[in-house]
Every structure is written in structure tokens, then in C-alpha cells.
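S.K.: Show me the folded form of this:
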Amino acid sequence: HDYAWLCACFAGIGLGIAALYPYGILLAKQRVPLSAVWISRLAAAALLGDVAFPPLIGALLPTAPRTLYWAEASVVFIQTICFLLVAWLPQHPPPGIAPDVSLRRVVA
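M.R.: The predicted structure follows:
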């Protein structure tokens, strides 16, 4: 009975933070000039985390069951901090648009 509620809570947290990843990429693209190489590196790092962390947590669960709670809380905390850091960056102008610089005619 308690296990079903626990699974439902983790599913709710996962669905709640799932939107941060694609929105984070769009937000980062507005703030930092990203190329296809950087986006592919970001996707590769995300896949590496998806592959590495579940087995590590699974290995720790038999000896330390509270590891799951701390792992979920850590992921949410780190993801929120990264999202806020990117959101606080100044917006980068789109390619092809010159920065707002006033051009003055110099009279000799």
C-alpha cells in the first residue's frame, strides 16, 4: 500500500520536472550561442546520466534504502539550480541581428 503511494509520488515528481529539460534547451539557446555540437554534447551527457545513475542507486538500495529519496531530491535541486543560472543570464541576440550599438558619425 505504501509502495504504491511512493511510486505515484516519484512519478509525479518526474512528470513535474520533465518539462525543464526541453525548456532548458530553448532557454539556453536564447541566452548562449549554442551550436549543434553543444546540443549534441548536452544530449550525450543526459544519456550518460540516464545510464549511470540508476544502476548506482540500485546497488545502494539494499544497504541504504533512503538513498532513493536523497537521489531524487539531489536531482531536483541540481536541475533547479542549473535552470535558474541559465534563466538569469542576459538574453543573447539572434544570429543576423547586430547588438544595439549606436553608430555616430565622426566629423573631422
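S.K.: Quick one: name whatever helix or strand follows the host helix or strand of residue 44.
M.R.: If you go by DSSP states H and E, residue 44 is part of helix 36-60. Tracing the chain past helix 36-60, the next element assigned as helix or strand by DSSP H and E is helix 67-87.
S.K.: rewinding a little: so what touches the helix holding residue 44?
M.R.: For helix 36-60, contacts defined as C-beta atoms under 8 Å, 6 or more residues apart in numbering pick out 21, 25, 67, 68, 71. The C-beta positions use only the backbone N, C-alpha and C, and glycine is treated the same way.
S.K.: roughly how far is that helix from the heart of the chain?
M.R.: Here the centre of helix 36-60 is set off from its chain's centre by 12 Å, with C-alpha atoms, centre = their mean, to the nearest Å.
S.K.: between that helix and helix 67-87, how many degrees?
M.R.: Going by axes from the mean of the first three to the mean of the last three C-alpha atoms, to 10 degrees, helix 36-60 is angled at 160 degrees with respect to helix 67-87.
S.K.: how close does residue 28 sit to residue 44?
M.R.: Using C-beta to C-beta, to the nearest Å, we find residue 28 at a distance of 15 Å from residue 44.
S.K.: Show me which of these two is the more surrounded one.
M.R.: Remark: of residue 28 and residue 44, residue 28 carries more neighbours, 21 against 10, as counted by other C-beta atoms under 10 Å.
S.K.: Now the helix holding residue 44: average pLDDT?
M.R.: For helix 36-60, the per-residue pLDDT values average out at 82.
S.K.: Now for residue 90: which residues touch it?
M.R.: Counting by C-beta under 8 Å, 6+ apart, residue 90 touches residue 31.
S.K.: Determine which two of the contacts of helix 36-60 are furthest apart.
M.R.: Farthest apart among the contacts of helix 36-60 by C-beta to C-beta are 25 and 67. That separation is 29.1 Å.
S.K.: which intervals of this structure have sub-threshold pLDDT?
M.R.: Where the chain drops to pLDDT under 70, the residues are 1, 93-108.
S.K.: how about residue 33, secondary structure?
M.R.: At residue 33 the chain is in coil, as set by DSSP: H, G, I helix; E, B strand; the rest coil.
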